[in-house]
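> Sequence first, then the predicted structure:
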Amino acid sequence: MAFSMPTPNPQPDTADQTLAALEQAIAAVVVNQPEGLSEHALMKVLAGRGWTLFESPRLRDPLALFRAHFLLFHCLYRLDDRLAARGLRLQISPLRIRCRPGTTATGPLPVPADPLRAYYLDLDQLAGTDRAAVERLLGDFWRRYLAPERRRQALAVLGLDAGADAGTIRARYRQLVMRHHPDRGGDKDTLQRINRAYACLRRTARP
């Protein structure tokens, strides 16, 4: 791995030992939390037990936060594989991490498909993600997160509801441009708002 990971003293000799120690520390928390806890809560507990990787001041840096998140989930998936031999499974998500029975009276429970498992178990993904890549990931996230609200606001400018399709949006846009164009006595600022709204909707319009 291309970085050092702060751990409680004494430090393990190798990265593998570090990850094994972190996995054990996570297990000590998660297995004893039947109701589960969030990723944030788990990080806070681990920080309180000496894992400086998860201390709040450090996590203000986006790259440090990404590395802490990745290593936590890497160890969670490793732990899930280990617990499976004891008939237990982990529910793994940022909102809830919980240890659950993995079997019933009729046999093992099916393991739901998790496309993120392979990603988090591959440490090359961590080593190959630099600050610029993290910033791109965050940018993509916020664009996806804000897209529905931007669409709602743009539709409101055109006076349309959420179900408007591409054809309806295009027709309404043309109608409003004709009405508000300065050459026809309209208002320039209003026309600019309409143009911005339409540009936004062209990227998000339903077919």
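Looks like it came in fine. Keep in mind that this is a model prediction, so the values were computed, not measured.
> any chance you could map the helices in the chain?
Remark: helices assigned in the chain by DSSP state H are 15-30, 39-48, 56-59, 62-84, 116-121, 123-127, 131-158, 166-180, 188-204.
> Out of these, which one sits most buried?
Mean neighbour count (mean count of other CB atoms under 10 Å) peaks for helix 62-84 among the helices of the chain, with a mean of 18. All C-beta spots, glycine's among them, are computed from the backbone N, C-alpha and C.
> Need the residues that contact it.
Helix 62-84 is contacted from outside by 3, 5, 19, 22-23, 26-27, 30-31, 39, 42-43, 46, 53-54, 58-59, 89-90, 92, 97, 99, 102, 116-117, 120-121, 123, 125-126, 129-131, 134-135, 137-138, using CB atoms under 8 Å, 6 or more residues apart in numbering.
> what about it, distance to the chain center?
Distance of helix 62-84 from the chain centroid (CA atoms, centre = their mean, to the nearest Å) equals 14 Å.
> Could you give the average pLDDT over it?
For helix 62-84, mean pLDDT is 93.
> Just the CA trace of that helix, in PDB.
Output in PDB follows, covering the C-alpha atoms of helix 62-84 (Å, rounded to 0.1, in the frame of the first residue of the first chain):
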ATOM      1  CA  PRO A  62     -11.400  14.200   1.600                       C
ATOM      2  CA  LEU A  63      -8.600  11.900   0.700                       C
ATOM      3  CA  ALA A  64      -8.100  10.800   4.300                       C
ATOM      4  CA  LEU A  65     -11.900  10.300   4.600                       C
ATOM      5  CA  PHE A  66     -11.900   8.100   1.500                       C
ATOM      6  CA  ARG A  67      -9.000   6.000   2.800                       C
ATOM      7  CA  ALA A  68     -10.700   5.500   6.200                       C
ATOM      8  CA  HIS A  69     -14.000   4.600   4.500                       C
ATOM      9  CA  PHE A  70     -12.300   2.200   2.100                       C
ATOM     10  CA  LEU A  71     -10.300   0.400   4.800                       C
ATOM     11  CA  LEU A  72     -13.300   0.100   7.100                       C
ATOM     12  CA  PHE A  73     -15.400  -1.500   4.300                       C
ATOM     13  CA  HIS A  74     -12.400  -3.700   3.300                       C
ATOM     14  CA  CYS A  75     -12.200  -5.100   6.800                       C
ATOM     15  CA  LEU A  76     -16.000  -5.400   7.000                       C
ATOM     16  CA  TYR A  77     -16.100  -7.600   4.000                       C
ATOM     17  CA  ARG A  78     -13.200  -9.700   5.200                       C
ATOM     18  CA  LEU A  79     -15.000 -10.100   8.500                       C
ATOM     19  CA  ASP A  80     -18.200 -11.100   6.800                       C
ATOM     20  CA  ASP A  81     -16.400 -13.900   5.100                       C
ATOM     21  CA  ARG A  82     -14.900 -15.000   8.400                       C
ATOM     22  CA  LEU A  83     -18.200 -14.800  10.200                       C
ATOM     23  CA  ALA A  84     -19.900 -16.900   7.500                       C
END
